[in-house]
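Student: Predicted structure and sequence below. I'll ask about it afterward.
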Amino acid sequence: MAPGIPTAMERPHFIGIGGAGMSGIAKILTQRGAKVAGSDSKESGTAEALRALGATVHIGHAAEHLADDASCVVVSSAIRADNPELVRAAELSVPVVHRSDALAALMGGGLRSIAVAGTHGKTTTTSMLAVALTELGLDPSYAIGGDLDGPGTNARHGAGEIFVAEADESDRSFQKYDPEVAIVLNVELDHHANYASMDEIYESFETFVGKIVPGGTLVIAADQPGAVELTAKIRDLSTIKVVTYGEAADADVRVHKVTARGLTSEVTVVLAGRFLTFTVSVPGRHYAHNAVAALAAGVALGIPAHNLASALGKYTGVKRRLQLKGEANGVQVIDSYAHHPTEMAADLEAMRAAAAPGSRLLVVFQPHLFSRTQELGTEMGQALALADGSVVLDIYPAREDPIPGITSALIIEAAERAGADVRAVHDKGAVPEAVAGMAKPGDLVLTMGAGDVTDLGPEILARLTP
């Protein structure tokens, strides 16, 4: 099956083409034969990869970057209204398409789609499915919010009939999709600029679930409280099948046992009355659960469980999801994208289980967004108490303007109240020296956060090198 290019996207221009979600759509369109162009704020490996595929990528934002014959302009929710290319689009009457609408169009055309949703775990689960389906020779298309370790890309146009996509709830854009199978990993309060309450989040997820095609399947966690509540709210939705997974005794796909084996896990599930054991090549119970969600979704499409379980073992990770950056002087440096307290605690617990006896866990944490820190700063601090020592940077603002009185001090104070050993470092450039003064051979250092804290891994390793 080779879906064509939607007419409106024959000559698309992407504003912020280097972003995780935007670049994936741009790559798929380029691979389908579209004449893709776009701009980004800075040079990157992603920009180079897009150029290698044939896309035109400008650095910086300027009105002249938008070609007069552009068929549409693709934007994400992060693009401000005063962006010069967006202003020029209005002058030229070029249609503006949101990233989610572009992705929804790519997922159509008779493809069998799987949409992976949840407050966290989406990138990992989508990646697991992409790797496993590829391993089975099914040649899927996929769009992921992170780069796979194996193929090293976040998106691909495949010749097969399956399209796997990460479905973003942050701006409600996941409501645009009509999947055959949807996964809901968890439902928690986050994205405070767009959701005022848990009621609004539940309403948004209910809308997403309501878009599953009749006869399709919802795969949803049986253990996570928000997911359980969502299941109760949609119990009267008779047009779809609901498959639960997790450790709950009544789960349809029951996690019987997760055994830590260094930086991997062995998972045993009970599916249709039979035991099935497979390996997940990343540590931690939450990653094991992600793999079981992927297994259940594949089975819902008719893929034999034992084949899929074996193929899931080929997944080796996603960049920034507990990614080993290297080792120097006996200290391993690992990069974590965790920025929500639940994610932070899960990654710290996973690394604690994987660490050798006597090893200490040290964290360099960069809070992401003023609004998230305002709402969840206390819980972030409490999560840091799971580490043996932490360095906390200033808040990474991303798209937000500062909020008066909201600083990383909120997190540090909460961490200290929870008994954590924590210190503030306001100068990012001073972090490698600070870590060098803390770390000893055998320790694990996690750079943690959704901002540019990831850049510190190589610098810390260089400083630790004798």
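Tutor: Nice, thanks for sending it over. What you see is a predicted model, and the numbers here were worked out from it, not measured in a lab.
Student: Give me the secondary structure label for residue 145.
Tutor: coil (DSSP: H, G, I helix; E, B strand; the rest coil).
Student: Return the residues in contact with it.
Tutor: Residues near residue 145 by Cβ atoms under 8 Å, 6 or more residues apart in numbering: 20-21, 24, 122-123, 126, 154, 166, 168. C-beta here means a position set from N, CA and C on the backbone, and glycine is covered the same way.
Student: Next, format these as JSON lines and append distance to residue 221, secondary structure and pLDDT.
Tutor: Putting those into JSON lines (distance: Cβ to Cβ, whole Å; DSSP: H, G, I helix; E, B strand; the rest coil; pLDDT from 0 to 100) gives the following:
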{"residue": "20", "distance to residue 221": "24", "secondary structure": "helix", "pLDDT": "79"}
{"residue": "21", "distance to residue 221": "23", "secondary structure": "helix", "pLDDT": "82"}
{"residue": "24", "distance to residue 221": "25", "secondary structure": "helix", "pLDDT": "91"}
{"residue": "122", "distance to residue 221": "13", "secondary structure": "helix", "pLDDT": "90"}
{"residue": "123", "distance to residue 221": "16", "secondary structure": "helix", "pLDDT": "87"}
{"residue": "126", "distance to residue 221": "16", "secondary structure": "helix", "pLDDT": "93"}
{"residue": "154", "distance to residue 221": "24", "secondary structure": "coil", "pLDDT": "85"}
{"residue": "166", "distance to residue 221": "17", "secondary structure": "strand", "pLDDT": "92"}
{"residue": "168", "distance to residue 221": "18", "secondary structure": "coil", "pLDDT": "86"}
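Student: By neighbours, which of those wins?
Tutor: Of all the contacts of residue 145, the most densely surrounded is residue 126 (30 neighbours; neighbours counted as other Cβ atoms under 10 Å).
Student: surely it meets residue 166?
Tutor: Yes: Residue 126 is within contact range of residue 166, at 4.5 Å (criterion: Cβ atoms under 8 Å).
Student: Mutual contacts of the two, please.
Tutor: 116, 144-145.
Student: Single out whichever of the residues you listed has the smallest pLDDT.
Tutor: On pLDDT alone, residue 145 ranks lowest of the shared contacts of residue 126 and residue 166, at 73.
Student: gap between that residue and residue 127?
Tutor: According to Cβ to Cβ, to the nearest Å, residue 145 stands 9 Å off from residue 127.
Student: what do you get for residue 23?
Tutor: 15 Å.
Student: neighbour-wise, which of the two wins?
Tutor: More crowded of residue 23 and residue 127, by other Cβ under 10 Å: residue 127, with 31 against 27.
Student: Under the pLDDT cut-off, which ranges of the stretch 201-350 of the chain? List them.
Tutor: Of all residues in the stretch 201-350 of the chain, those with pLDDT under 70 make up the ranges 317-321.
Student: what does the stretch 1-150 of the chain give?
Tutor: In the prediction, the stretch 1-150 of the chain carries residues with pLDDT under 70 at positions 1-4, 146-150.
Student: which residues in it form helices?
Tutor: Assigned by DSSP state H, counting those that start in this stretch, the helices in the stretch 1-150 of the chain fall at 20-32, 45-53, 84-92, 99-106, 122-135.
Student: right, so those helices: which one is the most enclosed?
Tutor: Among these, ranked by average contacts under mean count of other Cβ atoms under 10 Å, first place goes to helix 122-135 (a mean of 27).
Student: Remind me what that one packs against, helices and strands.
Tutor: Using 3 or more Cβ pairs under 8 Å, 6 or more residues apart in numbering; DSSP states H and E, the elements in contact with helix 122-135 are strand 112-117, strand 141-143, strand 162-166, helix 285-300, helix 305-312.
Student: can you redo those as JSON lines with distance to residue 383?
Tutor: Rendered in JSON lines, the data for these read as follows (distance: least, Cβ to Cβ, whole Å):
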{"stretch": "strand 112-117", "distance to residue 383": "23"}
{"stretch": "strand 141-143", "distance to residue 383": "30"}
{"stretch": "strand 162-166", "distance to residue 383": "24"}
{"stretch": "helix 285-300", "distance to residue 383": "13"}
{"stretch": "helix 305-312", "distance to residue 383": "28"}
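Student: Which one of those lies nearest to residue 12?
Tutor: Proximity to residue 12 (Cβ to Cβ) singles out strand 141-143 among the helices and strands packed on helix 122-135, at 14.6 Å.
Student: The closest one pairs with which strands?
Tutor: Using DSSP bridges, the neighbouring strands of strand 141-143 in the sheet come out as strand 155-156 (antiparallel), strand 162-166 (parallel).
Student: mind listing the strands for the stretch 201-350 of the chain?
Tutor: With strands called from DSSP state E, counting those that start in this stretch, the stretch 201-350 of the chain shows them at 217-221, 241-246, 253-261, 264-271, 274-280, 321-328, 331-336.
Student: what about the shortest one, distance to the chain center?
Tutor: What it means is strand 217-221. Taking the mean of its C-alpha atoms, strand 217-221 sits 18 Å from the chain's own mean (Cα atoms, centre = their mean, to the nearest Å).
Student: With that, I have no additional questions.
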